[in-house]
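A.B. asks: What would the 3D arrangement of this be:
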Amino acid sequence: MASSPPSPHFFAILSWGGIGDTLRNLSQYPHAALHRRFGWQLPVVHQPWQEIGCREDALPPGPAAIRDLVERCPSLTWGGVGTLNPLAKNLSRVARLGLLASHLGSPPLFPMQILLAETEKVGLPSLNDNFNIGVQTHLMGMPSKIWPVEKWRHFLALLRKKYPHAHIHLIEPSPRAEELLLDDRFHSYSHYHLAQSIQLVRQMSYVISVDSWVKYVAAWDRVPQSIIIPDQRADYPKLTATSLLKHEFATLKTRREVQLIGLDRKTNQLNLPTLSEVDPEKLFSSLENIIPAQKVHQRF
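C.D. replies: Residues are numbered from 1 along each chain as shown. Below you'll find the model as predicted:
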């Protein structure tokens with residue numbers, strides 16, 4: 001496939017890859033603050049996943065999905081499909097280095113405002129003061145991240161036992177999520193589009209995910225989270241521990257409210273196989289108590 005043409009914008013944010021890659025890229029710049037102060041809107045240029053070696057079974061979003069997300073964000077504007085021109089690449093690199101230096105070498109992650117129509121808000125659940133756990137089950141997508149429904153049912157039963165009064169919200173587009181509703185405190189939202197799912201994640205008290213876009217959204221609001229990181233090198237050989245810590249988890253690895261399961265930040269090693277090979281009980285036993293006990297009880 002021929003490469004997309006360079007965008008004419010002298011500065012733009014490049015969107016590429018999966019939803020997580022896109023959200024990370026959009027979160028690297030303080031465009032919300034710039035919009036509030038100066039009224040600026042930063043253009044977003046999207047490079048198709050076919051051009052960057054992304055796998056189709058990883059379910060990467062197309063231009064229409066990215067455009068919908070960008071147009072919901074007041075501080076961004078759609079810049080079309082393409083790549084960055086040399087000037088934009090250099091300015092983007094300088095901006096990231098400047099932000100890195102100003103944050104003492106730790107890559108920042110800036111929250112985004114994503115608007116919903118009133119009719120879309122009506123479809124969101126009323127969470128009240130419950131203790132709400134969001135679980136991103138990843139029943140679709142990259143093979144190395146997929147766990148059979150039976151294993152998820154076992155894992156969720158253990159989670160229910162640990163938090164008997166919690167409401168458990170399944171963040172999953174597959175209709176098979178209905179098979180994981182163990183009782184009336186489980187909730188499924190397979191009909192949600194991305195913007196609604198993002199809003200749902202931001203309302204959670206605690207989030208468990210399988211190394212996906214959910215981790216960045218939870219990080220925007222410092223939601224305590226446990227991230228399951230299976231060995232994904234069978235799908236993407238370049239996803240080594242070093243690569244993950246340098247890029248995908250550069251910001252998250254230093255946060256106290258984030259637990260990395262399967263990626264040891266001290267020894268720089270991956271210590272889980274692909275998810276299908278993992279035992280639910282052993283994985284559940286590795287969940288740390290990263291939520292202060294008083295916060296759990298205050299919600300019940």
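
A.B. asks: Please save the CA atoms from the lengthiest helix in the chain in CSV.
C.D. replies: As assigned by DSSP state H, the longest helix anywhere in the chain is helix 86-102. Provided in CSV are the C-alpha atoms of helix 86-102 (Å, rounded to 0.1, in the frame of the first residue of the first chain):
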residue,chain,number,x,y,z
PRO,A,86,9.2,17.2,7.9
LEU,A,87,8.5,20.6,9.7
ALA,A,88,5.6,19.1,11.7
LYS,A,89,7.7,16.1,12.6
ASN,A,90,10.5,18.2,14.0
LEU,A,91,8.2,20.6,15.8
SER,A,92,6.4,17.6,17.3
ARG,A,93,9.7,16.1,18.5
VAL,A,94,10.8,19.4,20.0
ALA,A,95,7.5,19.8,21.8
ARG,A,96,7.7,16.3,23.3
LEU,A,97,11.3,16.8,24.5
GLY,A,98,10.3,20.1,26.1
LEU,A,99,7.4,18.6,27.9
LEU,A,100,9.6,15.7,29.0
ALA,A,101,12.2,18.1,30.4
SER,A,102,9.6,20.2,32.2
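
A.B. asks: buried sites along it?
C.D. replies: 88, 91, 92 (16 or more other Cβ atoms under 10 Å). The way it works is simple: take the backbone N, C-alpha and C, and place the C-beta from them, glycine included.

A.B. asks: Pipe those residues into CSV and attach distance to residue 57 and pLDDT per row.
C.D. replies: Formatted as CSV, the buried residues of helix 86-102 follow (distance: Cβ to Cβ, whole Å; pLDDT from 0 to 100):
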residue, distance to residue 57, pLDDT
88, 31, 97
91, 35, 96
92, 30, 96
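
A.B. asks: residue contacts, residue 98?
C.D. replies: Residues in contact with residue 98 (Cβ atoms under 8 Å, 6 or more residues apart in numbering): none are found.

A.B. asks: low-scoring stretches of the chain, by residue?
C.D. replies: Within the chain, the segments meeting pLDDT under 70 span 1-2, 290-300.

A.B. asks: can we see that at 80?
C.D. replies: Within the chain, the stretches with pLDDT under 80 are 1-2, 128-129, 289-300.

A.B. asks: domains in it, as residue ranges please.
C.D. replies: For the chain, automatic domain parsing gives the domain ranges 13-102, 123-299.

A.B. asks: Now render those domains as CSV, adding distance to residue 115.
C.D. replies: Rendered in CSV, the data for these read as follows (distance: least, Cβ to Cβ, whole Å):
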stretch, distance to residue 115
domain 13-102, 5
domain 123-299, 8
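
A.B. asks: which stretch among those comes nearest residue 6?
C.D. replies: Closest to residue 6 of those, according to Cβ to Cβ: domain 13-102, at 3.9 Å.

A.B. asks: how far does the closest one stretch from start to finish?
C.D. replies: One end of domain 13-102 sits 20 Å from the other (Cα to Cα, to the nearest Å).

A.B. asks: cool, and stretch 40-56?
C.D. replies: Stretch 40-56 end-to-end distance (Cα to Cα) = 34 Å.

A.B. asks: What residues of that stretch count as buried?
C.D. replies: Those would be 41, 42, 43, 44, 45, 46, 47, 48, 49, 54, for stretch 40-56 by 16+ other Cβ under 10 Å.

A.B. asks: Tabulate those residues (JSON lines), appending secondary structure.
C.D. replies: Below are the buried residues of stretch 40-56 laid out as JSON lines (DSSP: H, G, I helix; E, B strand; the rest coil):
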{"residue": "41", "secondary structure": "coil"}
{"residue": "42", "secondary structure": "strand"}
{"residue": "43", "secondary structure": "strand"}
{"residue": "44", "secondary structure": "strand"}
{"residue": "45", "secondary structure": "strand"}
{"residue": "46", "secondary structure": "strand"}
{"residue": "47", "secondary structure": "coil"}
{"residue": "48", "secondary structure": "coil"}
{"residue": "49", "secondary structure": "helix"}
{"residue": "54", "secondary structure": "coil"}
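
A.B. asks: Any chance of those residues in CSV with distance to residue 233 as columns?
C.D. replies: Converted to CSV, the buried residues of stretch 40-56 look like this (distance: Cβ to Cβ, whole Å):
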residue, distance to residue 233
41, 39
42, 34
43, 34
44, 30
45, 30
46, 27
47, 24
48, 24
49, 19
54, 15
